[in-house]
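> Everything below, folded, please.
(one chain, ligands or ions: 1)
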Amino acid sequence: MAQPIAVQVNEELRTCPECGYQNGFHVAFQREGQGATVAVRLVCPSCSAAFDLGLRITIERPKT
Ligand SMILES: [Zn+2]
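Here you go, the predicted model:
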């Protein structure tokens with residue numbers, strides 16, 4: 001995945017800031033570090049640019 005671009009959410013985030021695609025985003029998940037923190041990223045379906053809203057969630061690593 002390309003380096004994510006930091007983006008802020010005002011009233012609505014639906015249009016890609018890079019290419020102007022207007023129908024929303026795909027979602028991707030990127031684990032951060034060795035713990036359970038996972039970044040939720042948006043990916044434009046049109047230009048594939050990745051965006052980071054600062055949204056982080058916790059998902060435990062699978063047991064090995
Ligand atoms: Zn785009």
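
> hey, what's the closest residue to Ile5 other than its chain neighbours bridged with?
Excluding the flanking residues, the one nearest Ile5 by C-beta to C-beta, 6 or more residues apart in numbering is Phe51, at 5.3 Å. For glycine as for every other residue, the C-beta is placed from the backbone atoms N, C-alpha and C. Under DSSP bridges, the beta-bridge partners of Phe51 are Ile5, Leu42.

> Compute the distance between the nearest residue to Gln22 once chain neighbours are set aside and the ion, please.
Take Gln22 and drop its neighbours on the chain: the residue closest to it by C-beta to C-beta, 6+ apart is Thr15, 4.9 Å away. To the ion, Thr15 is 9 Å away according to C-beta to the ion, to the nearest Å.

> And Ala6, by the same measure?
Taking C-beta to the ion, one finds Ala6 at 15 Å from the ion.

> contacting residues around that residue?
Contacts here follow C-beta atoms under 8 Å, 6 or more residues apart in numbering; on that basis Ala6 touches 51-52, 54.

> The ion: which of those is nearest?
Using C-beta to the ion, Phe51 is the member of the contacts of Ala6 that sits closest to the ion, with 9.2 Å.

> Per-residue pLDDT of that closest one, please?
Listed pLDDT for Phe51 reads 97.

> Number of residues surrounding it?
19 (other C-beta atoms under 10 Å).

> can you check Ala36 too?
Counted with other C-beta under 10 Å, Ala36 comes out at 12.

> I'd like to know the phi and psi angles of it, please.
phi -100, psi 0 (degrees, to the nearest 10).

> Run a quick check on it versus Arg56, I expect a contact.
No: contact criterion C-beta atoms under 8 Å: Ala36 and Arg56 do not qualify, at 10.1 Å.

> pretty sure the residue nearest to Ile5 is touching His26, no?
No: Phe51 is beyond contact range of His26, at 10.6 Å (criterion: C-beta under 8 Å).

> okay, and the common contacts of the two?
42-44.

> Now tabulate these in CSV and tack on neighbour count, pLDDT and distance to the ion.
Below are the shared contacts of Phe51 and His26 laid out as CSV (neighbours: other C-beta atoms under 10 Å; pLDDT from 0 to 100; distance: C-beta to the ion, whole Å):
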residue, neighbour count, pLDDT, distance to the ion
Leu42, 20, 97, 10
Val43, 18, 97, 9
Cys44, 21, 97, 3
